[in-house]
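S.K.: Only the shape, not the letters, is given here:
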């Protein structure tokens, strides 16, 4: 598998000279399989640049949304393959107890928030609630589980052969846990991330910031590292960077994390444009 | 042991933060967790009892009705919540693991997840004067 980060920012796009290395685009990750099958994880603003690289292609695209907060869908209407009449696109998203995925996405992809309606997109578009059991897409085995984040939010585990990637961009597993981490069976996201080769995980806050943002659905770097240790990940990519954190601040958070503990995995600062072979 | 459903994890975390005694059971009625206020009421720490089957816990605390007869397990609010998928309430006596008899009121409700999945039930207890 090849994994590319097209957007690593959380909550709000943060372009500018002070965020040039980590990037300003919101969540979007490309996963390519052995047969060049394309999975796109989330449709933050980073998806616009990814779309330009697949313009005019004919292959099926599967877009897996973790949830429908704006920073994860804002780029959707700017994903060029959606406007290609011959393109087959499948969008997968978390279930809701009341509304189907089309209805929920159409709230954004319709006037007055967006000029083009979801139903008017020319591609062959199919929308799916992610099923509770494992499913196959383009040679990948995909697992989706609800995780600790406000609203209906899933994380994903994507496997190909004996390789695996876990993607939990918005995740607060430490919420309400007195001594985090808790035992595995009582830890949100554990099964998704257990033993993965690459863990892409929320690390939005410093420890000090988190104290004022408990319950907002995101993790302090300290807790993200504890989670990565608990699940036995081989590589950990920090993700969903706070929009107020510039490159200097993110370097500092990364340095503090490396100095604080003898990590059992490779710690990688998630930067827009980074690629990984898994 | 595989991870519990997120709804159960969140319920446990909520229960851990509340000051009223709370029981959490799975769809089969197996006791998954009770919080510190419940430990005081039941006279035993969760870490000592651990998870236990419905048959075990429903008899362990020897529930006695107000008429003095044993309360059958199927009449306990948690059992009603699980099997009839509705909230239930009952007042009865228990003998805690510390040997002390207490009158309690118990209210239980089912935990139903998306896709109509029954995830378990929650019992809330009040010690009654």
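M.R.: Cool, got the structure. Small disclaimer: the values here were computed from a predicted structure and weren't measured. Numbering: from 1, shown residues only, chains lettered A, B, ... in the order given.

S.K.: can you list the residues that contact the helix or strand hosting residue B:78?
M.R.: Element membership for residue B:78 (DSSP states H and E) is helix B:77-84. Helix B:77-84 has contacts (Cβ atoms under 8 Å, 6 or more residues apart in numbering or on different chains) with B:23, B:25, B:27, B:29, B:54, B:58, B:73-74, B:86-90, B:106-110, B:118, B:120-123. Backbone N, C-alpha and C define where each C-beta goes, glycine included.

S.K.: Buried residues in the helix or strand that that helix is followed by, which are they?
M.R.: Per DSSP H and E, the first helix or strand lying C-terminal to helix B:77-84 is strand B:88-95. Neighbour-count burial for strand B:88-95 flags B:88, B:90, B:92-95 (criterion: 16 or more other Cβ atoms under 10 Å in any protein chain shown).

S.K.: Now distance to chain A and pLDDT too, for the residues you listed, in CSV please.
M.R.: Putting the buried residues of strand B:88-95 into CSV (distance: Cβ to the nearest Cβ, whole Å; pLDDT from 0 to 100) gives the following:
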residue, distance to chain A, pLDDT
B:88, 23, 97
B:90, 29, 95
B:92, 30, 93
B:93, 32, 93
B:94, 26, 89
B:95, 29, 84
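
S.K.: For chain B, list the residue farthest from the centre, please.
M.R.: Within chain B, residue B:115 marks the point farthest from the mean C-alpha position, 24.2 Å out by Cα atoms, centre = their mean.

S.K.: In this model residue A:95 seems to touch that residue, though I could be wrong.
M.R.: Yes. Counting by Cβ atoms under 8 Å, residue B:115 touches residue A:95, with 6.8 Å between them.

S.K.: roughly how far apart are the spatially most central residue of chain B and chain A?
M.R.: Among the residues of chain B, the one closest to the centroid is residue B:23, at 3.6 Å (Cα atoms, centre = their mean). Taking Cβ to the nearest Cβ, to the nearest Å as the measure, residue B:23 falls 16 Å from chain A.

S.K.: before we move on, what about residue B:124?
M.R.: 17 Å.

S.K.: any idea whether that residue is helix, strand or coil?
M.R.: The three-state label for residue B:124, taken from DSSP: H, G, I helix; E, B strand; the rest coil, comes out as strand.

S.K.: Who does the residue nearest to the centre of chain B form a beta bridge with?
M.R.: Beta-bridge pairing for residue B:23 (DSSP bridges): residue B:34, residue B:123.

S.K.: Looks like residue A:126 contacts residue A:91 (just checking).
M.R.: Yes. Using Cβ under 8 Å, residue A:126 makes contact with residue A:91 at a distance of 7.4 Å.

S.K.: who has more neighbours, those two?
M.R.: Comparing residue A:126 with residue A:91 by other Cβ atoms under 10 Å in any protein chain shown, the one with more neighbours is residue A:91, at 23 against 12.

S.K.: Can you verify that one is assigned to a strand?
M.R.: Yes. The assignment for residue A:91 is a strand, going by three-state DSSP.

S.K.: residues in contact with it?
M.R.: A:62-63, A:65, A:101, A:105, A:125-128.

S.K.: any idea how far residue A:156 is from it?
M.R.: Taking Cβ to Cβ, to the nearest Å as the measure, residue A:91 falls 14 Å from residue A:156.

S.K.: Give me every residue in chain B that's in contact range of chain A.
M.R.: Residues of chain B lying close to chain A (Cβ under 8 Å from any Cβ of the partner chain) are B:1-7, B:9-10, B:12-14, B:16-17, B:114-115, B:117.

S.K.: Span of stretch A:206-218 from start to end?
M.R.: Taking Cα to Cα, to the nearest Å as the measure, stretch A:206-218 stretches 11 Å from start to finish.

S.K.: any bit of that stretch sitting next to chain B?
M.R.: No. Using Cβ under 8 Å from any Cβ, stretch A:206-218 never reaches chain B; the gap is at least 10.7 Å.

S.K.: Report the rounded mean pLDDT for that stretch.
M.R.: Averaged over stretch A:206-218, pLDDT sits at 95.

S.K.: Show me which positions of that stretch end up buried.
M.R.: A:206, A:209-210, A:217-218.

S.K.: tell me how far stretch B:111-121 is from the chain's mean position?
M.R.: Here the centre of mass of C-alpha atoms in stretch B:111-121, compared against the chain's by Cα atoms, centre = their mean, to the nearest Å, lies 16 Å away.

S.K.: repeat for stretch A:31-40
M.R.: The answer for stretch A:31-40 is 16 Å, by Cα atoms, centre = their mean.

S.K.: isn't there a strand covering residue A:31?
M.R.: Yes. The assignment for residue A:31 is a strand, going by three-state DSSP.

S.K.: Report pLDDT for the nearest residue to it once chain neighbours are set aside.
M.R.: Leaving aside its sequence neighbours, residue A:31 sits nearest to residue A:39 (Cβ to Cβ, 6 or more residues apart in numbering or on different chains; 4.2 Å). You'll see residue A:39 listed with a pLDDT of 98.

S.K.: from chain B, which residue is nearest to chain A?
M.R.: residue B:13 (3.0 Å; Cβ to the nearest Cβ).

S.K.: Near chain B, which residues of the stretch 51-200 of chain A are found?
M.R.: Counting by Cβ under 8 Å from any Cβ, the residues of the stretch 51-200 of chain A close to chain B are A:95-97, A:132, A:145-148, A:152, A:175-178, A:184-191.

S.K.: out of those, which are inside helices?
M.R.: Per DSSP state H, helices hold the following members of these: A:190-191.

S.K.: now the residues of the stretch 51-200 of chain A next to chain B: which count as buried?
M.R.: A:95, A:132, A:145-148, A:152, A:175-177, A:184, A:186-191.

S.K.: Show me the residues you listed that map onto strands.
M.R.: Within those, residues falling in strands by DSSP state E are A:145-146.

S.K.: Which of the three states applies to residue A:237?
M.R.: Per three-state DSSP, residue A:237 ends up strand.
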